[in-house]
Each structure stands twice: as structure tokens, then as C-alpha cells.
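Participant: Next one to model:
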Amino acid sequence: MTTESSIQHKTEDPTTLRGKGQVIAVCGSPGAGKTTVGRAIASHLGVLLLTRDEITTGLRRSAGGSHREQAEAIMIDLAQRLAGVRFVLETSLVPKELAHMVGLWVHVVARPEVIDARLHARPDQRLADQFRRGEMPAAIFAPPAGVDVIEIDTSDTEAPDLEPVMTRLGPGPRRTT
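Facilitator: Below is the predicted model:
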């Protein structure tokens, strides 16, 4: 199986990322494979993965109920406090308050039938229902126009191809395991 990956938009020298924001934003539709890609990038680089879904889960376990908006506020606050530190930010939509910190955008996509199957495999069917009703068009999860983007299609693989991301990031410390 192959993963289609392509570098789109700007084609700057990869070493220029070192002087920009160190945030690698992984965005895309629910069910596209963002968490898998975000974890793989963070693990490969040996950096923190900041994800709203995990913050939401932690809040739900400690306080009960739904805490999506509170998790968003916590994620924004944490990311701003981490300014100057390289980390991976995984979320469907990158909050506008954090967009200026992003040095590299990774847009995770999958074919609609793959997303549908992944969402229907989840215990909570609300997102699956929204997807089926057309309330979550893929276009709303795309990075802003004119930014440096690498697109990774996870439709046909469990292990995302990180080579375009690592090439774009340029030389630097990597985890060898």
C-alpha cells in the first residue's frame, strides 16, 4: 500500500523553518487520521504532542460532562505558553489565536468512504451522523490559503509516510527508535 503525500504551496528552503514558529500543525477532518499522523511526527521528532481531544478526555474524566470549549481554551493557553518550543499541535481546526505560531501545516486527508468507516467505528456516533448528513465538508478543515502545507493521505495505510514532513523540516535532532 502506498500513501500519497505531496508538498503544496510555498517551496522555501527547509532550513528556513528553524527561524519561524516551531509548531507543526496537524489538521483535517475527524476520521482522516490526524491523531495517528500527529503521534507519529511527535514520536519521530521526540517532541510534545498537544491535542484538544486528549485535553477534553482528561477534563471529562476528572470533572464529568462535555468540556470541548474549555479544552480549546486550555489548548490555546498551553500552546501560547510553549512559544519558542517545538511541538506538534493536532486538532481539526487550528484556532486563529495560534495560526501565527505555525511553521509547518500538515493537512491529513482520506477518501470520504474511509472517513465514514472510521467515524462509524467510534463509540460516539455524533460525528459519523454529521459526516453522513454533509455537515462536515472537508474544505472547512483545510489550512488557511497561502501557507506552507504538506498533505498526507491516510486512506490506504495504517503507517503514515512522514518523509515529506521530515524533508520539509530539514536537518535536526530526531528520535532514532
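
Participant: quick check, distance from stretch 143-157 to the centre of its chain.
Facilitator: Stretch 143-157 has its C-alpha centroid displaced from the chain centroid by 9 Å (C-alpha atoms, centre = their mean, to the nearest Å).

Participant: The residue nearest in space to the middle of the chain is in what secondary structure piece?
Facilitator: Most central in the chain under C-alpha atoms, centre = their mean is Val26, positioned 1.9 Å from the mean C-alpha point. Using DSSP states H and E, Val26 sits within strand 23-28.

Participant: Asp58: neighbour count?
Facilitator: Actually, residue 58 is Gly. It isn't Asp. With neighbours defined by other C-beta atoms under 10 Å, the count for Gly58 comes to 13. Where you see a C-beta, it was placed from the backbone N, CA and C, and this is true even at glycine.

Participant: now do the one 4 residues further on
Facilitator: Look at Ser62: counted by other C-beta under 10 Å, it has 8 neighbours.

Participant: Report whether Val88 is found in a strand, as I expect.
Facilitator: Yes - under DSSP: H, G, I helix; E, B strand; the rest coil, Val88 sits within a strand.
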